[in-house]
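[1] fold the stuff below for me.
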Amino acid sequence: QLELVESGGGLVQPGGSLRLSCVASGLTLDYYSVAWFRQAPGKEREGIICIGTKDKTLHYVDLKGRFTIARDNAKNTVYLQIDSLTPEDTGVYYCAVERWWTCRTPPNMDYWGKGALVTVSS
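    Numbering: from 1, shown residues only. I've put the predicted structure just below:
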């Protein structure tokens, strides 16, 4: 059964860092572009960053280099590193995949995880 599971969320203090993981099962991430999205309270979901099958990345929004994406195909996992967290980064973070070799704009994802909550607060 195909599944994407995000983990690594939680409560973080402003200025801190966090690494989210997206583990896939039922599919091989080698053949998918993988993107991270987030939905802040009261706002629409927005795309953050994407990584293609050849590790080319695409930023959907300008977040001043605080977000880094990386993939480990051997572990069927994609990571999102977030640095210099601010309360505005609070929200549910989702990973999603598209069976395409590169990231596209606008994103057109095939499968979604259920999300991981990140709360940035002192």
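
[2] measure the residue nearest the centre of the chain to residue 72 for me?
    For the chain, the residue sitting closest to the mean C-alpha position, by C-alpha atoms, centre = their mean, is residue 36 at 2.5 Å. In this structure, residue 36 and residue 72 are 15 Å apart, going by C-beta to C-beta, to the nearest Å. Every residue, glycine included, has its C-beta placed from N, CA and C.

[3] hmm, back to that, gap between the residue nearest to the centre of the chain and residue 1?
    Counting by C-beta to C-beta, the gap between residue 36 and residue 1 amounts to 22 Å.

[4] residue 119 now?
    The value you get for residue 119 to residue 1, if C-beta to C-beta is used, is 30 Å.

[5] ok, residue 32 next?
    Shown here: residue 32 relative to residue 1, a distance of 16 Å by C-beta to C-beta.

[6] between those two, point out the one with more neighbours.
    Legend: neighbour count by other C-beta atoms under 10 Å for residue 32 and residue 1, higher for residue 32 (25 against 4).

[7] host element of the closest residue to that one other than its chain neighbours?
    Excluding the flanking residues, the one nearest residue 32 by C-beta to C-beta, 6 or more residues apart in numbering is residue 97, at 4.1 Å. In the assignment (DSSP states H and E), residue 97 maps to strand 91-98.

[8] packing partners for the helix or strand hosting residue 49?
    Counting by DSSP H and E, the element that carries residue 49 is strand 46-51. Contact here means 3 or more C-beta pairs under 8 Å, 6 or more residues apart in numbering; DSSP states H and E; on that basis strand 46-51 packs against strand 33-39, strand 57-59, strand 67-72, strand 77-82.

[9] most tightly surrounded among those strands?
    Of all these, strand 33-39 has the most neighbours on average by mean count of other C-beta atoms under 10 Å, namely a mean of 23.

[10] could you tell me the angle between that one and strand 91-98?
    160 degrees (axes from the mean of the first three to the mean of the last three C-alpha atoms, to 10 degrees).
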